[in-house]
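**Q** this one's sequence-less:
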């Protein structure tokens, strides 16, 4: 087990633990005392991990320490005092609109890299995943849920919107009407419903979550990985491209695969 070159202080401030083992990196939200609440330092730690991830890593697992995946934004960040060692989000009000938007863009980068084509990301969700926690799970390619997992997009209760890149994958997974209903009502979506509407890849008993994720990781790392990443790229483009363009991308990807296989056989 190794750790990457991410500054340990950045990880500690963000309440994040990172472990790498061969082809797999595991990111653990590590603030169990506050149910793995998040702050901008969390998002910058996630961003730093994405920027310096070992190129050998093929699968990234995101999980929470203890009984909760993540309770979302630490609400103390919305008070004038903020969190010890971290400025309140209220300081954003002192910025011009463009500068405020740039700050949010930096935080979003902590989530968007989990969709990169060179990795497959898995959220291992137990207990509540609220707001930013829900969006972090949505940022991953796959979501394996314990049977006690539940999601809620709480931002509208605070007068805010989901801004950590969760809206697009939510609509892609469950459709516009259901996504609007989930967000606008801020209701809880339990594991069984999440599986039924397409939010969950699988639901397992809580005691079996780690084993189920390990089995999925093993399955994802078994094929020649170039084929997995090329397929991921094709599936990501399929919804937005017309058939002719998608066909073109399929055949170009297959040409690359044949060339790589030929090179491997010639070694």
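**A** Sure, I can see it. Not measured: the values here are computed from a predicted model. Numbering: from 1, shown residues only.
**Q** Could you use CA atoms for every contact and neighbour count after this?
**A** Fine.
**Q** I'd like the average pLDDT over stretch 37-49.
**A** Across stretch 37-49, the average pLDDT comes to 97.
**Q** Can you list the buried residues in the longest helix anywhere in the chain?
**A** Counting residues, the longest helix found in the chain (DSSP state H) is helix 243-265. For helix 243-265, burial by neighbour count (16 or more other Cα atoms under 10 Å) applies to 246, 249-250, 253, 257.
**Q** List the residue ranges of the chain that fall below the pLDDT cut-off.
**A** Scanning the chain with the threshold set as pLDDT under 70 gives 1-4, 267.
**Q** Do you have the strands of it handy? List them.
**A** With strands called from DSSP state E, the chain shows them at 16-21, 24-29, 59-64, 120-125, 128-130, 142-146, 150-152, 189-190, 202-204.
**Q** so what's residue 84 up against?
**A** For residue 84, the contact set (Cα atoms under 8 Å, 6 or more residues apart in numbering) is empty.
**Q** ok, so what distance separates residue 192 from residue 101?
**A** From residue 192 across to residue 101, the span is 36 Å (Cα to Cα, to the nearest Å).
**Q** Which one of these two is surrounded by more residues?
**A** residue 192 (19 against 13; other Cα atoms under 10 Å).
**Q** Relative to residue 57, how far out is the more buried one?
**A** In this view, residue 192 and residue 57 are 31 Å apart by Cα to Cα.
**Q** Over to residue 135?
**A** For residue 135, the distance to residue 57 equals 23 Å [Cα to Cα].
**Q** List the residues that contact the closest residue to residue 111 other than its chain neighbours.
**A** Of all residues not flanking residue 111 in the chain, residue 139 sits nearest, at 5.8 Å (Cα to Cα, 6 or more residues apart in numbering). By Cα under 8 Å, 6+ apart, residue 139 lies in contact with 111-112, 114-115, 165-166, 169.
**Q** now the residue lying closest to residue 31 once chain neighbours are set aside: how far from residue 43?
**A** In space, and not counting its chain neighbours, residue 31 is closest to residue 15: 5.6 Å by Cα to Cα, 6+ apart. Here residue 15 is placed at a distance of 10 Å from residue 43 (Cα to Cα).
**Q** Looking at the two, which is more packed in?
**A** Between residue 15 and residue 43, counted using other Cα under 10 Å, the more crowded position is residue 43 (25 against 21).
**Q** and that one, what does it touch?
**A** With contacts defined as Cα under 8 Å, 6+ apart, the neighbours of residue 43 are 14, 107-111.
**Q** Which of the residues you listed are buried? Put it as a ChimeraX command.
**A** To isolate the buried members of these in ChimeraX, using 16+ other Cα under 10 Å:
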select :14,107,108,109,110,111
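**Q** mind putting the contacts of residue 43 in a markdown table, distance to residue 147 included?
**A** Shown next, in a markdown table, are the contacts of residue 43 (distance: Cα to Cα, whole Å):
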| residue | distance to residue 147 |
| --- | --- |
| 14 | 28 |
| 107 | 30 |
| 108 | 29 |
| 109 | 30 |
| 110 | 27 |
| 111 | 25 |
